[in-house]
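Enquirer: sequence isn't available, so here's the structure alone:
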């Protein structure tokens, strides 16, 4: 059972697996192996003990049992009637947040994924080796599961407020060390330091939110159908007689958000009384390990949070085959998600999947051009285009197509590319060589079918895995770039005539994660939001993710929701559930109305 995180972008790259046994003073040995540049970067950590180079099993820092390691490099390597919606208090004054529940009209098919070889961890901007981490597999994962399982009963029996206090302490420590965590993210993932800091704050917000939410899991009393009966729905006991957290959770996270994709899973899992085994991406394990170290310092008991990394397929197999693991939560590629979903059937685990997107960004001719340009730019080029909610297709109404294309290209031209540690840089490298080859393939396919390059369209003169921020014009829905996620800094512009055309083009895909609309018309914003088959819709806003709203997709973009009060339910069993979970028949849609400042 071969797993590949974000399998579409991580094809095999040369891997060096060394059998170096780590001693307790593994930092010294590490520093000798690092090049000068990586050394100075890691030396910038104000708390050097946050650089952990071992896995965490049952509260003990552990090497791979066979002593094998993998290198962590800096990214530019060589390589029905009463279904109510919700209004959530907005986090920013000029936004409004709505959650709509809709009937789910879609079913899923299963495809096969291909295997991934193990890889060293490098800094993408320099190709430097930052550290060696253990290459763990089946045995280590089995021990991590045992540890999580044996800790589950005591952790779930704590009161919700006790767990809440520990999570709050963890949140405070993450904030206190935010600069160090941001540095680790930039070193191993490549995103600009300012963006990495933004990720730390966003990632921490899930811990804070679920620390508060832990105390607010309510049950229900349902009017009885017979006089001598009483009907109760219990969601959780958190230390009282009715606790129903699902149990041990396996969490598999991707490399594009090394911290936030973990906290979004672990926050609600721990808050609801579950214990967890986290498998971070082999490309970006250092951030996860640093966060785990802070969890230990916060007093979260040994065994509640375990971290293993290395041989993805062995770790995945161990999690899937274990009867003690009751839930699997995964963020990554659609192909791997399907494989994991199939693998969970054997032990009937709960599954949460956050998979690939193909986000349309629709600019109507009544949009405010500067708002649309700014929003599309943010939705497309954040993290160098390496997010599953990135605008993958920008649909522009023909009346303003040329005006928008010019204004947008000008804005893209101003994006400074370089090492994320350099002040002012807005675009870092892509994660690896496979990622940049994929981008090249998509651009080549588009131009061969008639697309025009307005800007960029090639590797950046900086070399390695830097790619020029690119704008393509005259793209159509038959090109590869319109069918699949490019996961890179390429913005394809498509023309459309009418609102109906835009909706048809936008929905013509198997994905259904995020969509964006730019229009001044309120009726249109509602019509289009409701017609779009997507789990998240941004209206006049390009950055819509927030811990208070449910994040997740429809169709083949995934199952379940992360963040918000709905994200908590994913980790709870309901006893005597006469209602059935809302997720079975209903799809949540989160709509964010942005830019509501005075005209």
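Expert: Arrived safely. Every value quoted in this text rests on a predicted model; they were computed, and no experiment measured them. Numbers count the residues shown, from 1 in each chain.
Enquirer: CA only for contacts and neighbour counts going forward, please
Expert: Noted.
Enquirer: hang on, residue 422 is in a helix, isn't it?
Expert: No. Using DSSP: H, G, I helix; E, B strand; the rest coil, the assignment for residue 422 is coil, not a helix.
Enquirer: the chain should start at 184 in everything you say after this.
Expert: Shifting the count to begin at 184 puts that one at residue 605.
Enquirer: check what pLDDT residue 545 gets.
Expert: Per-residue pLDDT puts residue 545 at 98.
Enquirer: tell me the helix or strand right after the host helix or strand of it.
Expert: Residue 545 belongs to strand 542-546 when assigned by DSSP states H and E. Heading C-terminal from strand 542-546, the first helix or strand you meet, by DSSP H and E, is helix 552-564.
Enquirer: which other helices and strands contact the strand holding residue 545?
Expert: For strand 542-546, the packing partners by 3 or more C-alpha pairs under 8 Å, 6 or more residues apart in numbering; DSSP states H and E come out as strand 574-580, helix 682-690, strand 697-701.
Enquirer: run the last query once more with 6 Å
Expert: Strand 542-546 is packed against strand 574-580, strand 697-701, with contacts defined by 3 or more C-alpha pairs under 6 Å, 6 or more residues apart in numbering; DSSP states H and E.
Enquirer: how near is residue 523 to residue 678?
Expert: For residue 523, the distance to residue 678 equals 37 Å [C-alpha to C-alpha, to the nearest Å].
Enquirer: residue 648 now?
Expert: Applying C-alpha to C-alpha to residue 648 and residue 678 gives a distance of 31 Å.
Enquirer: which of these two has more neighbours?
Expert: Taking neighbours as other C-alpha atoms under 10 Å, residue 648 and residue 678 compare with residue 648 leading, 26 against 22.
Enquirer: tell me if the more buried one really is in a helix.
Expert: No. If the criterion is three-state DSSP, then residue 648 is coil and not within a helix.
Enquirer: got phi/psi on it?
Expert: When read as degrees, to the nearest 10, the backbone of residue 648 gives phi -110, psi 30.
Enquirer: what pLDDT does it get?
Expert: 94.
Enquirer: wait, which of the helices and strands packed on strand 542-546 is closest to residue 597?
Expert: Residue 597 lies closest, by C-alpha to C-alpha, to one member of the helices and strands packed on strand 542-546: strand 574-580, at 18.6 Å.
Enquirer: relative to strand 542-546, how tilted is that closest one?
Expert: 20 degrees (axes from the mean of the first three to the mean of the last three C-alpha atoms, to 10 degrees).
Enquirer: tell me what angle the next helix or strand after strand 574-580 forms with strand 542-546.
Expert: Later in the chain than strand 574-580, the nearest helix or strand by DSSP H and E is helix 584-596. Interaxial angle, helix 584-596 versus strand 542-546 (the same axes, to 10 degrees): 120 degrees.
Enquirer: so for the helix or strand that helix 584-596 is followed by, mean pLDDT?
Expert: Remark: after helix 584-596, the chain's next helix or strand is helix 616-631, criterion DSSP H and E. Mean pLDDT, helix 616-631: 97.
Enquirer: with stretch 367-375 instead?
Expert: What stretch 367-375 shows for mean pLDDT is 96.
Enquirer: then stretch 723-739?
Expert: 92.
Enquirer: outside of it, which residues touch it?
Expert: Here stretch 723-739 makes contact (C-alpha atoms under 6 Å, 6 or more residues apart in numbering) with 289, 389, 558-559, 561-562, 693-696, 701, 717-718, 744-747, 777.
Enquirer: before we move on, back to that, okay, the helices and strands packed on strand 542-546 in CSV with distance to residue 429, mean pLDDT and mean neighbour count next?
Expert: Below are the helices and strands packed on strand 542-546 laid out as CSV (distance: least, C-alpha to C-alpha, whole Å; pLDDT from 0 to 100; neighbours: other C-alpha atoms under 10 Å):
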stretch, distance to residue 429, mean pLDDT, mean neighbour count
strand 574-580, 35, 98, 28
strand 697-701, 28, 97, 30
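Enquirer: make CSV out of these and add distance to residue 545.
Expert: Output for the helices and strands packed on strand 542-546, formatted as CSV (distance: least, C-alpha to C-alpha, whole Å):
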stretch, distance to residue 545
strand 574-580, 5
strand 697-701, 5
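Enquirer: closest one to residue 244 among the ones you listed?
Expert: The nearest among the helices and strands packed on strand 542-546, by C-alpha to C-alpha, is strand 697-701 at 38.3 Å.
Enquirer: any stretches of this structure with poor pLDDT?
Expert: 184-223, 259-267, 283-304, 419-426, 757-770, 781-782 (pLDDT under 70).
Enquirer: tally of neighbours for residue 529?
Expert: Neighbour count for residue 529, taken as other C-alpha under 10 Å: 12.
Enquirer: that one in helix, strand or coil?
Expert: Applying three-state DSSP: residue 529 is helix.
Enquirer: now it: how far from residue 376?
Expert: 43 Å.
Enquirer: got it, and residue 309?
Expert: 15 Å.
Enquirer: how is this structure divided into domains?
Expert: 321-537, 542-728 (automatic domain parsing).
Enquirer: now list the buried members of the contacts of stretch 723-739.
Expert: Buried members of the contacts of stretch 723-739, counted by 16 or more other C-alpha atoms under 10 Å: 389, 558-559, 561-562, 693-696, 701, 717-718, 744-747, 777.
Enquirer: show me where the stretch 284-433 of the chain has helices.
Expert: Counting by DSSP state H, counting those that start in this stretch, the stretch 284-433 of the chain has helices at residues 321-340, 343-359, 361-372, 376-396.
Enquirer: chain center to the second one: distance?
Expert: Its chain's C-alpha centre lies 22 Å from the corresponding centre of helix 343-359 when counted by C-alpha atoms, centre = their mean, to the nearest Å.
Enquirer: tell me which strands and helices it is in contact with?
Expert: Using 3+ C-alpha pairs under 6 Å, 6+ apart: helix 343-359 touches helix 376-396.
Enquirer: also the shortest one?
Expert: Packed against helix 361-372, as judged by 3+ C-alpha pairs under 6 Å, 6+ apart, are the following elements: helix 376-396.
Enquirer: then the last one?
Expert: When contacts are defined as 3+ C-alpha pairs under 6 Å, 6+ apart, helix 376-396 packs onto helix 343-359, helix 361-372, helix 443-454.
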